[in-house]
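> Quick one: sequence and predicted model below, then my questions.
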Amino acid sequence: MKAQSKETVPTSTVIATGDIVRIVFLDHVEDSDHPLEFEVFGRILKRNSTATIIGSWLFTKDENEAGDDNIKTWCIVNSTIQTIKQLN
């Protein structure tokens, strides 16, 4: 089952770095015959053609970088994203 990426925001609104979002995405499941939907909430740190990087535990300043041991980030593969909803 291939997921289609679709953003649940008005077409005039663009999801951008710094936005706070809810992402629903498909994830693999061991010993199953289908993926399951999961959700993550956080601030968009980076987006490219392959993935969206979300930070859920961040510094209050602009010092957030994926890989920093003092923050929590999630890398979501764009092709698995079911919905993105802007929360701010």
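It's in.

> just for the protein, where's the confidence low?
Counting by pLDDT under 70, the ranges of the chain that qualify are 1-13, 62-67.

> secondary structure class for the residue of it most remote from its centre?
In the chain, the residue that sits farthest from the middle, by C-alpha atoms, centre = their mean, is residue 31; the gap is 24.9 Å. Residue 31 falls in the coil class when you classify it by DSSP: H, G, I helix; E, B strand; the rest coil.

> Got the phi and psi for the nearest residue to residue 36 once chain neighbours are set aside?
For residue 36, ignoring the flanking residues on the chain, the nearest one in space by C-beta to C-beta, 6 or more residues apart in numbering is residue 29 at 5.3 Å. Where C-beta positions appear, they are placed from N, C-alpha and C, glycine not excepted. Taking degrees, to the nearest 10, you get phi -130, psi 120 for the backbone angles of residue 29.

> From residue 82, how far off is residue 29?
Using C-beta to C-beta, to the nearest Å, one gets 15 Å for the distance from residue 29 to residue 82.

> Residue 22 now?
11 Å.

> mind listing the strands for this structure?
Counting by DSSP state E, the segments of the chain that form strands are 20-27, 36-47, 51-57, 72-77, 81-86.

> Quick one: closest of the ones you listed to residue 14.
For those, distance to residue 14 was read as C-beta to C-beta. The smallest value, 9.1 Å, belongs to strand 81-86.

> got the angle for that closest one vs strand 72-77?
Following axes from the mean of the first three to the mean of the last three C-alpha atoms, to 10 degrees, one obtains 130 degrees for the angle between strand 81-86 and strand 72-77.

> quick revisit: okay, residue 29 and residue 82: which has more neighbours?
residue 82 (16 against 10; other C-beta atoms under 10 Å).

> In space, what's closest to that one - neighbours in sequence excluded?
In space, residue 82 comes closest to residue 24 once its chain neighbours are excluded; the distance is 4.5 Å by C-beta to C-beta, 6+ apart.

> who's in contact with the one you found?
Under the criterion of C-beta atoms under 8 Å, 6 or more residues apart in numbering, the neighbours of residue 24 are 37-39, 81-83.

> So what pairs up with it in the strands?
residue 39, residue 83 (DSSP bridges).
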